[in-house]
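1. 3D model of this:
(chains A and B)
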Amino acid sequence: MSAKKWYSSWKVWVWALIMIISLASIIKIDTSNGFEMGHNLKLGSEFSGGTLFQLQLAQPASQQELSEIRLIVEKRLNPTGIKDVSVSNTGNTLIIAQVAETDPVEVSKLQSLLLKQGKFESFLNGNIVFDGSDIVQVVENAQQGYGAHPTGVGDNYAWTLPFLLNDRAAKAFSNASFHQCTQTGFTSGKAEWDCAYTYFFIDRPDSALIIYPNDLMRADDTLLDVGTGSEFPSSITVSNILDNADLTLIKLSGSELSTSDENVIQSLSPAYKSIIVPASLDENVIASISALSTIPVTKVSVSKTSPWIVDVSGLRDIIALSPGITGNDPFVNTKEEVKPLQFLVIQGTAPNATIAKQRLDDLRVLLKSGALPIPIIAINKQTVSPALGEQFLTNVWLMGILALVVVSLIVYVRYRQWKVVGPVLMVGLSEVVMILGFASLVKWNLDLASMAGILAAVGTGVDSEVIMTDEILQGNAEEEHDEKGWAAKAKRAFFIVAASASVGLAAIIPLLVLGSGIGKLSGFALTTIAGILMGVLISRPAFQEIIKVVLVPKKHHEHSNDSAPKTQ
Amino acid sequence: MAFKLYDKNYKRLMIIPAVLAVVFLAILFVFPRVSLGLDFMGGTRIIVNTDLLNDEKAVSDVLVSQAGLSEVKVAMVTSPLGSSTRIEYAEPKNVADARVLLDKAIVTKDSAPSLSVENLTAALVLLGKAPASEDVSELIMQTAQAVNEESQRVSTKVRDTLTTNFNLPANTPFTTEEVAPNVGKDFLGNAFMVAVASIVLLTIVIFIFFREVIPSLAIVEAALFDMLAAVALSTLFGFSFTLSMVAALLMLVGFSVDTDILLTTRLLKRKDKSVLERANDTLLTGLTVTSTVMGATIVMLVVSYLAQINIIFEISAVVLFGQIGDLIATWLTNAPILLWYWEKKHGNLHTDG
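-> Numbering: from 1, shown residues only, chains lettered A, B, ... in the order given. The predicted structure is shown next:
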């Protein structure tokens, strides 16, 4: 190693390159808005506000079970797919779910949903045809037809989900679906059919009266018509859903209950379990309902993106019958001649493989009533208000900046040279950037513990830099005049740096490998390890080159740049 | 600027850490004794950002009398970054007992189903519920749900009690953290395993780098002393042992061994000056290194305390205590051991090389 100019060292170039990559991955350049920092960084719920659930499974789960559990947990928290929910697992007994919700009442509802298996029901023409307990098995075997295949038309995929009904339900289904298709025409020699729909519900409210304001109903019809991101056919209307959900309805035309409405409420049979109203309904109306009846009033909030009736009824999917099942094609004359099918399939096409897989997953979980292969036995949770989350972030920044100032001052007090402080700060900051870059590339969720890990990694970095600086400044007079002496010092300094980094890694790695059950600390382990590794491999070698140029007197450069044989 | 800490009687220095080690052990196991925190014992922590909960005693009294809690800790912090009150409580006894029974029932689910059913029934009775099924799996579900409902009911009650008694506005920011006791127990087991693996692994790595028994052991000893000091001092200052502390202890290893490695390298691998002079020189470098970490840690400690960022507050307190331990371990134990080792091997401490 020779003291060439700093830019002639490949170590500095590698460092610079990694820095550019890191910056590019965390900064978004937008031509209209200029720069946007941290656009790729995912911050944990502690910073954005939200709730983090840690779900403890009764026993360790296999990889396949884990992915099924993650899917089901997501469905339980986010049945209509409109909320911001992320679900992951650490180790094989802990599932982590993050939701943006912070309202304690809503959080507590979610917590109950997490523990509860749903009740699946399928309706046809307003009557229940089978429920979760009638489904003997959901077939997940490709040999029996399960899966998705390209159709050969564009990117389209056809998917198939077979399932097995018990004998009783098969008969009931066959009866109810008989001749439920009508032929609408012929296209290129093939008959076209218009068939009745089956409606799939989870936790449909049983024996409930709903109070449905007219304007809300109109808004819901519009939402259903334009499509809601759900897979409901666009011809479905609110009244179709109401007819199939077996709910008693009071349409509210004005802002008050009419006399006949009041009579209906007052004379409700005690068998009714709830009266469902929109949460936005006038408090006075709710009060008068409570005054008229002892049946509990349930408020369901109104969302802008999902029809209220869908949230109320627990409607999850609508599937059209096919003429093959209904006895329309091939034509079967009487109900009695139809052979009840226990083995049924749900089929559909999707514009691409991803959507096809998603449809399969959704329906599979739905038909299994969202049952978990392994029960959840305990829930930890952490809720942070959004206002506090923002404060946390500001304070972490404040902390980082103040810490840097203090470190700079201490380094200055020790060496009395700003030219030493500069590189220490610059390289220290570069380690923060590299860790953030890494986090954004691997899409790591940065929580408070990860931030602590960043501070830790940078702290060890500053330590190493002080040691390297000191090694260069110390040493005997002979070494200072000799290029070999510089190299020896550099080597010795780097031995110390490499040894401390290795020991630091040795201490943390078990946390990442064995500590997967401690979900809270995995962010800390990952950022610390990434920081120490990148530090010792990339930024600290570059620092050594830079500090050498800063501290070695000028004549040594000239001397060493001379390619003539050394004479000393 | 140079210190002259080490002279002919350097061995005397080791008395201080030896005495301290005994004191630290006494703090951990005799008085006041290390206590397990929320993460391991289970329980709930609520941080309410308001200045309305300014009477700690009143808050705790109201929660005991109206929300039915038994163990409540309340601490209020007022700072330029805002006021907040931290409340920690354990679950009511019936819920905690029901959880223990649920845990037992899960263990014996396959081996002794009837015993499980018995335990689950007892758990449900504690929660005022009747068993809805004979089937073990369904009973486990029912009990888990009942425990969860009951613990949710308690946390709602706590919040309502605070809101009504202290007239908290509806938009008061709350941070809540709930840990189920059985999950906490798993965490503790896991953390213990991680700690053992860490110590073994770092010992191996140190041996690979130094290949000499006594100096390597001296570094390992220093790392262990740091951890001991960190846990003992934080216990003394009233911290209970939490997951953040586990992180902090592992982090501490990274911060503290570098001074030991620096010292060992300088004393054993360098050949200029006398070994005593080298030890004194290294002290200065080492103090610079430790003071940068300490300076940054104190900043973190103060800001996180004022802003009530609990996890960072705990981590920085432990790291700070550990750094104090490291000053003692490195300069009063590791250095004398190395000088002694050198003396046995080479003789006079004052000669060069």
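2. what segments of chain B are helices?
-> Along chain B, the segments classed as helices by DSSP state H run B:15-29, B:38-41, B:56-67, B:93-107, B:113-126, B:136-165, B:181-210, B:213-236, B:243-269, B:275-307, B:310-328, B:335-346.
3. what sits up against the third one?
-> Meaning helix B:56-67. Contact partners of helix B:56-67, identified using Cβ atoms under 8 Å, 6 or more residues apart in numbering or on different chains, comprise B:53, B:69-70, B:72-76, B:85, B:87, B:89, B:154, B:157-158, B:161-162, B:165-166. In this view, the C-beta of every residue, glycine as well, is placed from N, C-alpha and C.
4. what about 6 Å?
-> B:53, B:69, B:72, B:74, B:76, B:157-158, B:161, B:165 (Cβ atoms under 6 Å, 6 or more residues apart in numbering or on different chains).
5. so how far is it from its chain's centroid?
-> With Cα atoms, centre = their mean, to the nearest Å as the basis, helix B:56-67 stands 28 Å off its chain's centre.
6. export only the CA atoms of it, formatted as PDB.
-> Taking only C-alpha atoms (Å, rounded to 0.1, in the frame of the first residue of the first chain), the coordinates of helix B:56-67 have been written out as PDB:
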ATOM      1  CA  GLU B  56     -49.200  10.300  39.800                       C
ATOM      2  CA  LYS B  57     -50.800   9.100  43.000                       C
ATOM      3  CA  ALA B  58     -54.300  10.200  41.900                       C
ATOM      4  CA  VAL B  59     -53.900   8.400  38.600                       C
ATOM      5  CA  SER B  60     -52.800   5.200  40.300                       C
ATOM      6  CA  ASP B  61     -55.500   5.400  42.900                       C
ATOM      7  CA  VAL B  62     -58.300   5.900  40.400                       C
ATOM      8  CA  LEU B  63     -57.000   3.000  38.300                       C
ATOM      9  CA  VAL B  64     -57.000   0.700  41.300                       C
ATOM     10  CA  SER B  65     -60.400   1.700  42.600                       C
ATOM     11  CA  GLN B  66     -62.300   2.100  39.400                       C
ATOM     12  CA  ALA B  67     -60.600  -0.100  36.800                       C
END
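7. list the buried residues in that helix.
-> In terms of neighbour count (16 or more other Cβ atoms under 10 Å in any protein chain shown), helix B:56-67 has its buried residues at B:56, B:59-60, B:62-63, B:67.
8. same question, the longest one
-> Applying a neighbour-count criterion of 16+ other Cβ under 10 Å, one finds B:275-283, B:285-301, B:303-307 buried in helix B:275-307.
9. tell me the contacts of the closest residue to chain A within chain B?
-> Residue nearest to chain A within chain B (Cβ to the nearest Cβ): B:Gly254, separated by 3.1 Å. Shown in contact with B:Gly254 (Cβ under 6 Å, 6+ apart): A:460, A:504.
10. can I see the domain layout of chain B?
-> B:10-37+B:181-346, B:43-179 (automatic domain parsing).
11. state the mean pLDDT of the longest one.
-> What that stands for is domain B:10-37+B:181-346. In this model, domain B:10-37+B:181-346 has a mean pLDDT of 91.
12. those residues of the stretch 251-353 of chain B touching chain A, which are they?
-> B:251, B:253-254, B:257-258, B:261-262, B:265, B:272, B:285, B:288-289, B:291-293, B:295-296, B:299-300, B:303, B:307, B:309, B:311-312, B:315 (Cβ under 6 Å from any Cβ of the partner chain).
13. quick one: A:Ile529 from chain B, how far?
-> Distance, A:Ile529 to chain B, by Cβ to the nearest Cβ, to the nearest Å: 10 Å.
14. can you get me a residue count around that residue?
-> 18 (other Cβ atoms under 10 Å in any protein chain shown).
15. so A:Glu192 makes contact with A:Thr184?
-> Yes: with contact defined as Cβ atoms under 6 Å, A:Glu192 counts as touching A:Thr184 (4.9 Å).
16. okay, buried residues for stretch A:269-277 please.
-> For stretch A:269-277, by 16+ other Cβ under 10 Å, it's A:272, A:275-277.
17. so which of these reach chain B?
-> Within the buried residues of stretch A:269-277, nothing lies near chain B by Cβ under 6 Å from any Cβ.
18. could you list which of the residues you listed belong to strands?
-> Judged by DSSP state E, the subset of the buried residues of stretch A:269-277 located in strands is A:275-277.
19. measure A:Lys23 to B:Ser60 for me?
-> No Lys there; residue A:23 is Leu. From A:Leu23 across to B:Ser60, the span is 50 Å (Cβ to Cβ, to the nearest Å).
20. now do A:Ile496
-> According to Cβ to Cβ, A:Ile496 stands 51 Å off from B:Ser60.
21. before we move on, what about A:Gly523?
-> Distance from A:Gly523 to B:Ser60, by Cβ to Cβ: 33 Å.
22. quick one, what contacts whatever residue of chain A ends up closest to chain B?
-> In chain A, the residue that lies nearest chain B is A:Gly504 (3.1 Å; Cβ to the nearest Cβ). For A:Gly504, the contacting residues are A:460, A:532, B:254, by Cβ under 6 Å, 6+ apart.
23. A:Thr237 now?
-> Contacts of A:Thr237 (Cβ under 6 Å, 6+ apart): A:Asp221.
24. centre-most residue in chain B?
-> B:Met245 (2.6 Å; Cα atoms, centre = their mean).
25. got a list of what the most centrally placed residue in chain A touches?
-> The residue lying closest to the centre of chain A (Cα atoms, centre = their mean) is A:Ser86, at 2.1 Å. Residues near A:Ser86 by Cβ under 6 Å, 6+ apart: A:Gln98.
26. before we move on, what about A:Ser313?
-> Counting by Cβ under 6 Å, 6+ apart, A:Ser313 has contacts A:204, A:245.
27. give me the pLDDT value at it.
-> 90.
28. do A:Val300 as well
-> 86.
29. what's the answer for A:Gly475, then?
-> 57.
30. chain B contacts on the stretch 401-550 of chain A?
-> Counting by Cβ under 6 Å from any Cβ, the residues of the stretch 401-550 of chain A near chain B are A:402-403, A:406-407, A:410, A:414, A:448, A:452, A:456, A:459-460, A:462-463, A:466-467, A:470, A:476, A:496, A:499-500, A:502-504, A:506-508, A:510-511, A:514-515, A:517-518, A:520-521, A:524.
31. narrow the residues you listed to those that are buried.
-> Among those, those classed as buried by 16+ other Cβ under 10 Å are A:402-403, A:406-407, A:410, A:414, A:448, A:452, A:456, A:459-460, A:462-463, A:466-467, A:470, A:496, A:499-500, A:502-504, A:506-508, A:510-511, A:514-515, A:517-518, A:520-521, A:524.
32. count of neighbours near residue 191?
-> Picking chain A for this. A:Ala191 has 13 neighbouring residues, counting by other Cβ under 10 Å.
33. nope, chain B please
-> B:Ala191, neighbours per other Cβ under 10 Å, totals 26.
34. all set now, cheers.
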